[in-house]
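Participant: could you work out the structure for the sequence below:
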Amino acid sequence: MTPFQNVSRLFKGGNMPITTIDSHTEGESTRLIVEGLGDIPGSTMMEKMIYFKTHYDKVRCLLTKEPRGSREILAAMVTKNVTSDAAFGLIYMDAKRYPYLCGHATIGAVVTLARTGFLELEEGGNTILIDTPSGIMEARAYVAEGKVDSVAIFMVPSFVLDTNREILVEGFGRVSVDLVCTGGFFAMVDAAELGIAPVMDNKDQLVDLGMKIIDAANEQLTVVHPSRADINTVDVTEFYDSGRKDGQAQGRGMVVYGESHMDRSPCGTGTAAKLALLYHYGKIKMHQPYLNFSPLGTCFEAELVTASKIGSLDALVTRIKGRAWVTGLHQFVLDKTDPFQQGYIV
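Facilitator: Numbers count the residues shown, from 1 in each chain. Okay, here's the model as predicted:
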């Protein structure tokens, strides 16, 4: 007898499974919710996100916390589009919050939905529009021999809010941060000035410091998006370096957020924030190719492609290109006697 012969018994008694397709984008996981919750109502992605947060926050906790997930998991819910030209929408979530935007998860979603056949793509480049809580995002999926080889995404405009702001960090001392927004606010820290390289050997120290920087920045500084008053907190710390090698502009970064999570990928929003800051300091130019490496050594290809304004502030759109791979198909259930109804973090 196969042990899976009576698997349908798991789902009796109204215990409907939540189906996800997992992937990783240059090392960073995405858990894409594709079935089990039905349609998420709302005429905008913000309305959909608020509805999900109000009615399904326990699902976020189940999928992004132990014992089914961990602090390292970022999940995203596929929704119907809210703009006529978009193919679908995404609501992003992790073990702590609901980010308005996530680049690596968007790349992962495009690759996953192409694999399932939801997205019907042709050989060569394919343009896909995606609704997000930060606005509509353009993606381009590049198909070779029937398979998505890579995905480029055009991030929402990034802008530098302020620079050289000094904060006092508990247990460390004074740290200078630059404040950059790509969907949400980043505290950007130059690793050379800090004296700690953004490499795996320093992961534990930088993750701890990064979370303390987020707390200190929110206590000591004020941030408000010029046109989105609801975007008013620092949610991410990015430790970065930058330079040139063999004539190529490149650098490495370590991005910290959520429940003390280190992004395994180069981070899509983090890459956009970094390039906007480097441009602000005159260290890169528009349309200059840039390689941004993760702590694992994986890479996003990036460049600044257009300039715009957000309020009175200069803003820049970054094109980021990366790869993703599907890792598994999962059906999650919750027994009413399970003592961990909303998971836990240790």
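Participant: drop to CA atoms for contacts and neighbour counts, all remaining ones
Facilitator: Will do.
Participant: can you pull the poorly scored residue ranges out of the protein?
Facilitator: For the chain, residues meeting the criterion pLDDT under 70 lie at 1-15.
Participant: okay, now the domains of it?
Facilitator: Annotated domains of the chain cover 16-151+326-332, 159-324 [automatic domain parsing].
Participant: can you tell which of those domains is closest to residue 339?
Facilitator: In terms of C-alpha to C-alpha, the element of the domains of the chain nearest to residue 339 is domain 16-151+326-332, at 11.0 Å.
Participant: how long is the closest one from one end to the other?
Facilitator: 9 Å (C-alpha to C-alpha, to the nearest Å).
Participant: break down the chain into its helices, ranges please.
Facilitator: For the chain, helices defined by DSSP state H occupy the ranges 45-55, 57-64, 103-116, 191-194, 203-220, 268-280.
Participant: ok, which of these comes nearest residue 330?
Facilitator: When those are compared by C-alpha to C-alpha, helix 57-64 sits nearest residue 330, at 10.6 Å.
Participant: which residues sit against the closest one?
Facilitator: 31, 68-75, 93-95, 341-344 (C-alpha atoms under 8 Å, 6 or more residues apart in numbering).
Participant: report the buried residues of it.
Facilitator: Across helix 57-64, burial judged by 16 or more other C-alpha atoms under 10 Å covers 57, 59, 60, 61, 62, 63, 64.
Participant: between that helix and helix 45-55, how many degrees?
Facilitator: On the basis of axes from the mean of the first three to the mean of the last three C-alpha atoms, to 10 degrees, helix 57-64 is oriented at 90 degrees to helix 45-55.
Participant: residues contacting the residue nearest to residue 153 when sequence neighbours are not counted?
Facilitator: Closest residue in space to residue 153, ignoring its immediate chain neighbours: residue 139 at 4.3 Å, by C-alpha to C-alpha, 6 or more residues apart in numbering. Applying C-alpha under 8 Å, 6+ apart to residue 139 gives the contacts 127, 128, 129, 130, 151, 152, 153, 154.
Participant: now those: which count as buried?
Facilitator: For these, buried by 16+ other C-alpha under 10 Å: 128, 129, 130, 151, 152, 153, 154.
Participant: I'd like the distance between the closest residue to residue 107 other than its chain neighbours and residue 130.
Facilitator: In this structure, residue 107 finds its nearest non-sequential neighbour in residue 151, 6.0 Å apart by C-alpha to C-alpha, 6+ apart. Distance of residue 151 to residue 130, given as C-alpha to C-alpha: 13 Å.
Participant: what of residue 219?
Facilitator: 34 Å.
Participant: quick one, what contacts the most centrally placed residue in the chain?
Facilitator: Note on the chain: the residue nearest the mean C-alpha position is residue 102, at 2.6 Å, using C-alpha atoms, centre = their mean. Residues in contact with residue 102 (C-alpha under 8 Å, 6+ apart) are 92, 268, 269.
Participant: neighbouring contacts of stretch 40-56?
Facilitator: Here stretch 40-56 makes contact (C-alpha under 8 Å, 6+ apart) with 79, 80, 82, 89, 90, 91, 98, 131, 132, 133, 135.
Participant: kindly report the same for stretch 73-81.
Facilitator: 29-34, 39-40, 60, 63-65, 87-95, 105, 130-131.
Participant: for PyMOL, write a command that selects the buried ones of those residues.
Facilitator: Buried residues among these (16+ other C-alpha under 10 Å), as a PyMOL selection:
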select buried, resi 29+30+31+32+33+34+40+60+63+64+65+87+88+89+90+91+92+93+94+95+105+130+131
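Participant: what is residue 139 paired to in the beta sheet?
Facilitator: residue 128, residue 153 (DSSP bridges).
Participant: what residues does the nearest residue to residue 109 once chain neighbours are set aside make contact with?
Facilitator: Of all residues not flanking residue 109 in the chain, residue 32 sits nearest, at 6.8 Å (C-alpha to C-alpha, 6+ apart). Shown in contact with residue 32 (C-alpha under 8 Å, 6+ apart): 20, 21, 22, 75, 76, 77, 78, 109.
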